[in-house]
Structure formats: C-alpha cells, structure tokens
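In: could you look at this predicted model? Sequence included:
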Amino acid sequence: MIGFLISRVLQAACVILAMSVLVFLGVYAIGNPVDVLIAPDATQEQRAIAIAHLGLDKPLWHQLGTFLWRALHGDFGSSFVYDMPVADLILSRLPATFELTVLAVVCATCLGVPLGMYAGYRPQAALSRLIMAVSIVGFSVPTFWIGLVLILVFAVQFGVLPAGGRGETVEVFGVPWSFLTADGLMHLLLPALNLALFKFSMMVRLARAGTRELMLTDTVKFARAAGLSEFTILVRHVLRLISIPIATVFGLEFASTLAFAVVTETIFSWPGLGKLVIDSITSLDRPVMVAYLMLVALLFIVINLMVDVVYALLDPRLRKGRA
C-alpha cells in the first residue's frame, strides 16, 4: 500500500507540472492581459510601467520558470485584477463552492440510489416509470435552462426563494458558511437543486441497472431461499454489491462538480470558484487561471486516490491483492 501511495504521489506531481506548463502556454497564446486591464487611451509609458509591474516584460521561458519556482514554494503570485495573492483569493472562494457541491452531490446520491434501486426492483411500477422519466429530463435538459426555469418559477413567480447571491453567512474558525443560517440556506437551495439534478439522474440509472442485474443472480436466489426478507436482501446484498461503482461515480462526480460548477454559479451569482474562473478568463487573469487548473488537477488525483482506498475497504479481494 505504501508503494502504491508513493507512485500515485509521483504521478500527481507529473500531472500537475504538465498541467501548469500547458495552461500557462495556452493563456499566453490567447492574448495579452495588458490589453484588457489597461485603458485603451493609456500612453506608451503607462503601458510600459504596467507591463513591468505585472512581470510581462520578461521572456516567456523566464515567466514560466519564475511561476513554477514560486508555485513549488506555495506562492502562485498575485491576481492581476484583485491585486491580492492568488492562494488567498482561491481559498476565500473555496468554501462557497465546497458547501454547494457537498449539498448537491450528497442529496443526489441519498435520493438517487434508493429510488434507482426501487426502479430496478419494481421496473413496471408507475412510480418507477416516473423516476426514470425525471432522470431522462435531468440528462437531457441543459443545466443553464433548468437554472433559469428555477429562478423564473421560485424567485419571480412565487417569490419564495432568492434568485442569486449567497445570503447571510456565519464564520466558523474564520471560514464563512451559508448553510448555518436560515437566509443562507434559502439562497443555497436553488443552485444546489440545479446542480444536483444531473447527478441525481446518473445515480438513479446506475443504481437501477445494478439492481436489475443483481436481482437475477444466484446470490439473491440463495438469499430468498434462506428466508431473508426482500428489504434485507436489497440492503445487505444488492446495495453492498453495487456500492463499488456508486463509490466510483460519487468520487468522480464530486470532483467534477467542485471543479466545474461554473454554469450554476454564474446563473445564480454564487460567489465561488466557478464564477471566479469565468471572471479571470474574461480579464485574462493568468495567475488565477493557472492556479485554479492546478487545483482542479490535484483535486481529481486526490479523490481518485480516495476512491481506490474505498475500493479496498469495500472489496476484501483488493485488500488481499495489495497486502
């Protein structure tokens, strides 16, 4: 297990290094941040001062080497737009995205897996057909359209939920959280619902397919012959056997949702990482963009490693194979 962890850490370092170089070069090729950050009527002297202040007067290889050396020491530079350390800027936006993602993915899993198992256990029932119809809608309809409909219905027509913003927050150990206040929770519901619908549909279909397949296996037949109740069979045998693919999807979807909740955060003006990266792309804020994508790469690697560990906990054969 130790050798496995070491190899994954080395892989993570290589992936992050490659990601940093590719993103830095890609952003450099897109355009010059000075053209966006400085007024068009600025003089050549003012432009030269701004370029030198941002460190853009150095050769490309020098800029890249300086960035990588600082990043190795935990310094990702300062944002061109916000004029503050990039690490502090990302950390200030991370709690908002984290609580939105956790609520969305956990709710989608806790609702989608039981409903999917029911749809697989009773495929011809009316409720099962309704569940699958909702899952088809979640897969088919674009996220931005669902978000606009939610705002139109619940914020504009009925006025029961706010259309955007984070609402009131409470600081715990210096970190602001919305779900700890009634107003913050109200602001959290619509974006979380919008973000959870696609994940819910995926969990429903995954649990349904696994349940339908397992209900025809000898494991379930022997359990019924032993006199176990249907509920016990579903919980003790079926749920345990489909838990490995569910754990895989949960980990990957949590990482992708945390990293790419861009559309939802933009629609609902949620002050998280997604909105930050959109603003950074618009203004060509190179340090923020590169640091964000490095964080995304690290996030996927760490969660994949956690999924592998969960595999070993769920399946004894994997523990014996790695022993």
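Out: Cool, got the structure.
In: C-alpha from now on. contacts and neighbour counts both.
Out: Will do.
In: and stretch 148-165, what's buried?
Out: Applying a neighbour-count criterion of 16 or more other Cα atoms under 10 Å, one finds L150, I151, A155, L161, P162, A163, G164, G165 buried in stretch 148-165.
In: ok, now stretch 196-216?
Out: Residues of stretch 196-216 classed as buried by neighbour count (16+ other Cα under 10 Å): 196-212, 214-215.
In: now do the SS call for A42.
Out: Three-state call for A42 (DSSP: H, G, I helix; E, B strand; the rest coil): coil.
In: what about it, distance to A48?
Out: A42 is 10 Å from A48, where distance means Cα to Cα, to the nearest Å.
In: same check on R240?
Out: 64 Å.
In: buried stuff in the top helix by length along the chain?
Out: Ordering each helix of the chain by length in residues (DSSP state H) puts helix 86-121 first. Neighbour-count burial for helix 86-121, counted by 16+ other Cα under 10 Å, picks out 86-87, 89-90, 93-109, 112-121.
In: with stretch 244-256 instead?
Out: I244, I246, A247, T248, V249, F250, G251, L252, E253, F254, A255.
In: distance of T266 relative to G164?
Out: For T266, the distance to G164 - Cα to Cα - is 9 Å.
In: tell me the SS of G167?
Out: On the three-state scheme (three-state DSSP), G167 is labelled coil.
In: now the one helix or strand F200 maps to: how far from the chain's centre is it?
Out: Here F200, judged by DSSP states H and E, is contained in helix 182-214. Taking Cα atoms, centre = their mean, to the nearest Å, the mean C-alpha location of helix 182-214 is offset from the chain mean by 13 Å.
In: quick one: it to helix 86-121, angle?
Out: In terms of direction (axes from the mean of the first three to the mean of the last three Cα atoms, to 10 degrees), helix 182-214 departs from helix 86-121 by 40 degrees.
In: so which elements touch helix 182-214?
Out: Using 3 or more Cα pairs under 8 Å, 6 or more residues apart in numbering; DSSP states H and E, the elements in contact with helix 182-214 are helix 86-121, helix 126-140, helix 143-150, helix 243-259, helix 262-267.
In: the longest one packs against which elements?
Out: The elements that helix 86-121 packs onto, with contact taken as 3+ Cα pairs under 8 Å, 6+ apart, are helix 126-140, strand 175-177, helix 182-214, helix 243-259, helix 273-283, helix 286-314.
In: the same query, at a cut-off of 7 Å, please.
Out: Here helix 86-121 touches helix 182-214, helix 243-259, helix 273-283, going by 3 or more Cα pairs under 7 Å, 6 or more residues apart in numbering; DSSP states H and E.
In: measure stretch 267-275 end to end?
Out: In stretch 267-275, first residue to last residue: 9 Å (Cα to Cα).
In: for it, give the mean pLDDT please.
Out: Mean per-residue pLDDT for stretch 267-275: 86.
In: buried residues, it. List them.
Out: Buried residues in stretch 267-275, defined by neighbour count with 16+ other Cα under 10 Å: I267, F268, S269, W270, P271, G272, L273, G274, K275.
In: next: stretch 34-54.
Out: Quick answer for stretch 34-54 (16+ other Cα under 10 Å): V34, R47, A50, I51.
In: next step: those restricted to helices.
Out: V34, R47, A50, I51.
In: what about the last one, distance to L17?
Out: Just to be clear, that refers to I51. In terms of Cα to Cα, I51 sits 26 Å off from L17.
In: ok so A39 is a helix residue?
Out: No - under three-state DSSP, A39 sits outside any helix and is assigned coil.
In: got phi/psi on it?
Out: Main-chain torsions, A39, degrees, to the nearest 10: phi -60, psi 140.
In: equivalent analysis for L284, please.
Out: According to degrees, to the nearest 10, L284 has phi 50, psi 40.
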